[in-house]
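>>> from the sequence below, what's the structure:
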Amino acid sequence: MNKISIKKISFQSLIKLSALIYSSFDTIIGSIALLGSLLKLPVKTTLGFTTFQGISVRIASFFLAPIIFGLLGIGLGIISYYPLKLILGLFKVLTITGDFNY
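Here you go, the predicted model:
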């Protein structure tokens with residue numbers, strides 16, 4: 001594990017990171033809904049004004065939900081860019097740990 005310090009982050013990088021985090025999070029939620037519908041549990045989802053049940057829930061929860069949460073992540077990334085920039089300005093550095101390519 002390596003440590004890197006972030007002094008500045010570009011707008012595009014923050015948007016990509018935010019979209020990836022939200023899509024990954026909802027892949028887990030979609031997988032749980034898929035498992036629940038395969039086990040014949042009463043799983044239904046609502047997208048807009050349409051309610052899905054049965055096989056369509058499996059498809060919607062596993063494929064469409066990560067896309068929707070990815071778009072939500074992009075929106076939240078746009079909103080959080082300037083507060084993060086302000087925090088980095090105040091604290092001068094953000095240190096994260098992980099495996100990175102340089």
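>>> residue nearest the middle of this structure, spatially speaking?
The centre of the chain sits closest to Tyr22, judged by Cα atoms, centre = their mean, with a distance of 0.5 Å.
>>> my guess is that residue meets Gly75, correct?
No: with contact defined as Cβ atoms under 8 Å, Tyr22 does not count as touching Gly75 (9.3 Å). To be clear about C-beta, it is placed using only N, CA and C from the backbone, and glycine gets the same treatment.
>>> just say helix, strand or coil for the residue of the chain most remote from its centre.
What lies farthest from the middle of the chain is Lys40; by Cα atoms, centre = their mean that is 27.3 Å. Three-state call for Lys40 (DSSP: H, G, I helix; E, B strand; the rest coil): coil.
>>> now it: how far from Leu72?
Distance, Lys40 to Leu72, using Cβ to Cβ, to the nearest Å: 30 Å.
>>> now Pro83
Pro83 is 17 Å from Leu72, where distance means Cβ to Cβ.
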